[in-house]
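>>> My questions concern the predicted model and sequence given below.
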Amino acid sequence: MAYAIFRIEKQKTWGQIAGSAGHAQRTRETLNADPNQENIWLIGNPKQDLVQAVRDRINEQTIRKNAVLCVDMLLAASPEYFRHDNVAEAGVYEDDRLEAWVKLNEQWLSERFGDRVVSAVLHLDEATPHIQAHLVPIDEKGKLNCNGIFGSPKLLRKWQDDYASAMQPLGLERGIRGSKATHIDIQQYYSNINSDHTLDMDVLLDKARDRDRAERQRREMEATASSAQASADRLREQNQRLQLQIRKLKKQLASFEEQLQDIPLEDVAYELGLSDDKDLESQWIGAGIALEINGTKFSDSGTQTDGEGAIELVQHVMDYDYPSSVAWLADRFGETKAIAATTVKSQRQAEDIIATYTVPQFEPPAPDEDKWSLLRRYLVETCGLRENLVDKTHSVGRIYADAQGNAVFLRQAMDCTDGQLRRGRVTGASLLGTNFNGLALGSSRESGWFGVGLGQGDVQRIALVESPIEVLSIVSLYPNPKVPTLYLATNGTDALPMELMHSLMSRGGEIFVAYGAGESGEKLAQQVMEQLPEATRVKPQQGETWNEQLRISQQQLNRQAQQKQKSIGGGGMEL
């Protein structure tokens, strides 16, 4: 039969608390503890200043002379619970029983005492697991009042009943009420067994106890040795069985590796700049290309091309040769996956390619100046963007028209470590046209952005928006920010230039998450705010996007101008 054990010791001086902390934290020698066994801290830590923690919990209230400052609480169970089949094996416990016991004790401490418990440690280095907890006896009125909580035998019996009741689901029972058994102070015990005063009855009793303890320990050690030998025999047999299983699993793994040789084609298509068609299942579209992907195979109805595997997909979409395709896959997915995408016979060749071949750089669509005037008119008249903003962005080459009349917004790597914005190599392009709105083929989704900076001096603010049109729209709405601001388009993903963001925040800068007010904008804003909890959420006040707000604002200004013109012309004067 296993029992629940609950015991407290009242501490009235800071010295007593410090001494108890030394025992809990093992900073003072504990003769019956195994130094190689690690204890587990449930509340506090092994370097905690327990005295200061008690002071902080008491706070500034007046402390009565001889008041109990802290209660050292012991929570335990008899050995039969932790090792019911091997009671004599000191230091041994069954993991599932220990876990259930600890969970129930943590729940009991939390429900009964809450934050009054300032320290709790699970000692596993002694013969039987137990919890040593320190709590500050604060009553419901917030006063130091140990008498009101533990101050009488009746109250102590109540707590022992309560603790035993809480442990009952584990099969633990309460000890006998009114038992004459006493707890011996450990320090006095060791002092007595080492004493030469053999005429002292207490000393003689403790020496007798120590001899009995030594005899029990000897028997326990013999039982432990016998059990250890039996365990070693069982482990040896188990090891032989595991070795056989390992050999079988290795053969199965080799078979699986031959079958699982490719990267999912949907992942490859995404990295190539394609987007899944929301209307047609298994369809992926890009600038001038439409694919159907089924498992490891793909087909292009436009060119009547069928293919299989990641490497063939890259070759088809990007018109790369075999080495370029392998190098590109290694750059986007890592060397291991790129090699796995090849056949077993070609893996050594793939390793050589990855080690020596240069990854193909992104080539943006060629500009077509003849198509620019029509595109410019669309951006200014239909989208409502400021003429000078469109012309300036075009003059520096960050926006232009391609041969299909699409608007091309170049995405560039950016660095802002010292407050000065520097643009790096072009890593992709966003396309906007009548037939397609997305990324140019081969664009990197996570290493380049379209952005516009306003204001003189170091960048102090970054505003994140969904698309290049949104960047130009918000700049058209607010062309004169109070501080130097960089507006960045993340192209509908939560991939962010984190180094740039961290550099700005380290200098005390601000980040605004300025995605649209629609469902997609709200979802994207939530994803980004999880990465940047310090950021501020802002959104359009009119319409779901900044471009809608820009056009609504222009319509309102036009109506006001028309009304003013009518008012002036009402007297018959022709303007």
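Arrived safely. If you're wondering where the values come from, they're calculated on a predicted model, not measured in any experiment. Residues are numbered from 1 along each chain as shown.

>>> Let me know how buried Phe6 is, in neighbour terms.
When counting by other CB atoms under 10 Å, one arrives at 21 neighbours for Phe6. Any C-beta I mention is one placed from the backbone N, CA and C, and that applies to glycine too.

>>> right, and Leu313 touches Thr296 too?
No - Leu313 is beyond contact range of Thr296, at 9.6 Å (criterion: CB atoms under 8 Å).

>>> who's more crowded, these two?
Shown here are Leu313 and Thr296; by other CB under 10 Å, Leu313 has more neighbours (28 against 16).

>>> If you count contacts, what does whichever strand or helix holds the more buried one end up packed against?
Using DSSP states H and E, Leu313 falls within helix 310-318. Counting contacts by 3 or more CB pairs under 8 Å, 6 or more residues apart in numbering; DSSP states H and E, helix 310-318 packs against helix 265-271, strand 289-294, strand 297-300, strand 305-308, helix 322-333.

>>> Centre of the chain to it, how far?
Centroid separation for helix 310-318 versus its chain: 35 Å, with CA atoms, centre = their mean, to the nearest Å.

>>> and the angle from it to helix 322-333?
Orientation check (axes from the mean of the first three to the mean of the last three CA atoms, to 10 degrees): helix 310-318 against helix 322-333 gives 100 degrees.

>>> sorry, back to before: TSV for the helices and strands packed on helix 310-318, including mean neighbour count and mean pLDDT?
Output for the helices and strands packed on helix 310-318, formatted as TSV (neighbours: other CB atoms under 10 Å; pLDDT from 0 to 100):
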stretch	mean neighbour count	mean pLDDT
helix 265-271	20	90
strand 289-294	17	90
strand 297-300	18	92
strand 305-308	14	91
helix 322-333	21	90
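
>>> Direction included, what does the top strand by length along the chain pair up with?
The residue-count maximum for a strand in the chain (DSSP state E) belongs to strand 422-432. Strand 422-432 sits in its sheet next to strand 407-415 (antiparallel), strand 437-439 (antiparallel), going by DSSP bridges.

>>> Out of these, which is the most enclosed?
strand 407-415 (a mean of 22; mean count of other CB atoms under 10 Å).

>>> which residues are contacting it?
Strand 407-415 is contacted by residues 364-365, 367, 375, 378-379, 397-402, 421-433, 440, 443-444, 447-451, 468, 488-489, 491, 497, 499-500 when judged by CB atoms under 8 Å, 6 or more residues apart in numbering.

>>> Only whichever of these are buried, select them in PyMOL.
Remark: buried members of the contacts of strand 407-415, expressed as a PyMOL selection using 16 or more other CB atoms under 10 Å:
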select buried, resi 364+365+367+375+378+379+398+399+400+401+402+421+423+426+427+428+429+430+431+432+433+440+443+444+447+448+449+450+451+468+488+489+491+497+500
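
>>> picking that back up, now the helices and strands packed on helix 310-318 in JSON lines, with distance to Ile8?
Formatted as JSON lines, the helices and strands packed on helix 310-318 follow (distance: least, CB to CB, whole Å):
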{"stretch": "helix 265-271", "distance to Ile8": "60"}
{"stretch": "strand 289-294", "distance to Ile8": "68"}
{"stretch": "strand 297-300", "distance to Ile8": "72"}
{"stretch": "strand 305-308", "distance to Ile8": "73"}
{"stretch": "helix 322-333", "distance to Ile8": "60"}
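
>>> Out of those, which gets nearest to His23?
Comparing those against His23 with CB to CB, the closest turns out to be helix 322-333 (54.8 Å).

>>> returning to what we had before: can I get the strands paired with strand 422-432 in TSV with mean pLDDT and distance to Asp458?
Below are those laid out as TSV (pLDDT from 0 to 100; distance: least, CB to CB, whole Å):
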stretch	mean pLDDT	distance to Asp458
strand 407-415	89	13
strand 437-439	86	31
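
>>> For the longest strand of the chain, output the C-alpha coordinates as PDB.
C-alpha atoms of strand 422-432 as PDB (Å, rounded to 0.1, in the frame of the first residue of the first chain):
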ATOM      1  CA  ARG A 422      21.400  50.600 -50.800                       C
ATOM      2  CA  ARG A 423      19.800  48.500 -53.700                       C
ATOM      3  CA  GLY A 424      21.600  45.300 -54.700                       C
ATOM      4  CA  ARG A 425      21.100  43.000 -57.700                       C
ATOM      5  CA  VAL A 426      17.800  42.400 -59.400                       C
ATOM      6  CA  THR A 427      16.300  39.100 -58.100                       C
ATOM      7  CA  GLY A 428      12.900  39.200 -59.800                       C
ATOM      8  CA  ALA A 429      10.100  41.200 -61.300                       C
ATOM      9  CA  SER A 430       6.400  41.700 -60.600                       C
ATOM     10  CA  LEU A 431       4.300  41.900 -63.700                       C
ATOM     11  CA  LEU A 432       1.000  43.700 -64.100                       C
END
